[in-house]
Structures are given as structure tokens and as C-alpha cells.
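> Here's my sequence, what's the structure:
(one chain, ligands or ions: 1)
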Amino acid sequence: MKRPIILHPDPRLKKTSLYISDLTDDLRLLADDMLETMYGAPGVGLASPQVGILKRLVVLDCVKADTNAPRPLIMFNPEIVASSEEISVYEEGCLSMPEQFAEVTRPAQVQVKWIDRDGKEQSEEMSGLWSTCIQHEIDHLDGKLFIDYLKPLKRQMITRKMIKFKRERARENL
Ligand code: NI
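Got it, this is the predicted structure:
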């Protein structure tokens with residue numbers, strides 16, 4: 001089942017999500033819903049606060065859909081355990097900020113560990129879009145958005161555009 005995606009600005013997107021100590025069927029269901037929501041958007045990553053749940057859960061698939069088989073990842077308690085000194089700059093967007101993009105600088109490679117859907121611990125070195133994306137999604141779990149890396153003026157401009165976007169959308173839905 002697809003879930004509505006929360007749009008910036010919203011206080012829920014600024015909160016820190018809680019570690020998951022007990023992997024329940026409800027959380028597995030939430031993860032499946034989040035994948036469906038992400039693919040439907042369409043997007044390459046989604047974090048639980050974006051659907052209003054403040055638990056540490058991220059879904060991810062950065063495979064280019066037109067050329068390769070999908071690779072859906074469900075990540076409970078994802079964590080960066082090491083980051084490269086090499087950096088990369090990528091033009092990021094966010095499902096909570098439709099049509100807003102800006103360049104963000106992050107470590108080019110990261111070592112990530114997480115708990116998968118079966119409760120098994122996984123670890124992987126990610127690079128390229130995967131690396132950018134998992135860092136962006138884990139930031140969501142800490143109440144951080146990609147615009148927080150930008151200069152205040154640019155950040156305020158995007159926020160103003162989003163307030164206008166939400167106002168227009170609310171009017172359409174009356
Ligand atoms: Ni995002």
C-alpha cells in the first residue's frame with residue numbers, strides 16, 4: 001500500500017528517529033509499503049520520517065531501472081561506519097521537496113551496515129549514487145535535509161518555494 005509522502009516544511013522531518021530494537025511484522029509491512037511508495041513516486045530512496053514514522057528505516061534502490069534489474073534494499077538501523085576522504089558532488093533532490101535540486105558535497109564512498117528484512121546484519125561499501133543516496137536517507141533519520149548543507153539564502157529560497165507549493169496543492173484539494 002502506498003503511503004502519502006510528507007512535504008517540507010514539516011516538524012516531523014526535523015526529528016531524530018528511534019533505533020529499532022524489535023523487528024516486528026508491522027515494521028516489515030511498513031518497509032514494503034515504503035518501497036511501493038518510493039517506486040511509485042518515482043524515487044531512489046525513502047526514509048521513514050517521510051511517511052510520518054520516526055523509526056530508523058530506509059528503503060533504497062539506485063539501480064537505473066531502464067537498463068538493469070531492480071535491487072530493492074530494506075535497511076533497518078542503517079549506519080555509516082566509515083567514510084572516504086575522497087568527496088563527490090551530486091545534484092540531489094528529495095521526495096519531500098518535489099522539483100527542488102541542489103549540489104551537495106559528501107564523502108564519495110561509505111561503508112554501511114544495517115539489519116535486513118530477515119533480521120540479518122549486512123555490510124557493504126557503497127559508491128556513486130548509492131553512496132550519495134544512503135547518506136541522504138540516513139540524514140533524514142537524524143532530522144537533517146539536503147538543503148541544510150546549502151547556504152542560508154538558497155535554503156530559504158527552496159523553503160519559500162515549498163511553502164507556496166504546499167499552499168497551492170492544499171487549495172487544489174479543497
Ligand atoms: Ni530525501
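
> contacts and neighbour counts: CA atoms only from here.
Will do.

> For burial, what's the neighbour tally of residue 137?
Neighbour count of residue 137, defined by other Cα atoms under 10 Å: 26.

> residues in contact with it?
Residues in contact with residue 137 (Cα atoms under 8 Å, 6 or more residues apart in numbering) are 45, 46, 47, 58.

> again, but for residue 2
Taking Cα under 8 Å, 6+ apart, we find residue 2 in contact with 33, 34, 36, 37, 40.

> Nearest to residue 51 among the residues you listed?
The closest of the contacts of residue 2 to residue 51 turns out to be residue 34 (Cα to Cα; 7.9 Å).

> Neighbours of the closest one, how many?
Around residue 34 there are 28 residues (other Cα under 10 Å).

> Can you classify it by secondary structure?
helix (DSSP: H, G, I helix; E, B strand; the rest coil).

> low pLDDT regions in the protein?
65-66 (pLDDT under 70).

> what about the helices in it?
All helices of the chain, identified by DSSP state H, fall at 25-40, 128-141, 152-172.

> Could you dump those into a markdown table and include distance to residue 117?
Supplementary listing: the helices of the chain in a markdown table, determined by distance: least, Cα to Cα, whole Å:
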| stretch | distance to residue 117 |
| --- | --- |
| helix 25-40 | 7 |
| helix 128-141 | 17 |
| helix 152-172 | 34 |
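
> and those helices, which is most packed in?
Using mean count of other Cα atoms under 10 Å, the stretch among the helices of the chain with the largest mean neighbour count is helix 128-141, at a mean of 22.

> how far away is the residue nearest the centre of the chain from residue 58?
By Cα atoms, centre = their mean, the chain has its centre lying nearest to residue 137, at 3.2 Å. Residue 137 is 7 Å from residue 58, where distance means Cα to Cα, to the nearest Å.

> Find the residues that touch each one of the two.
Taking Cα under 8 Å, 6+ apart as the criterion, residue 137 and residue 58 both touch 45, 46, 47.

> can you redo those residues as a markdown table with neighbour count?
Converted to a markdown table, the shared contacts of residue 137 and residue 58 look like this (neighbours: other Cα atoms under 10 Å):
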| residue | neighbour count |
| --- | --- |
| 45 | 24 |
| 46 | 30 |
| 47 | 30 |
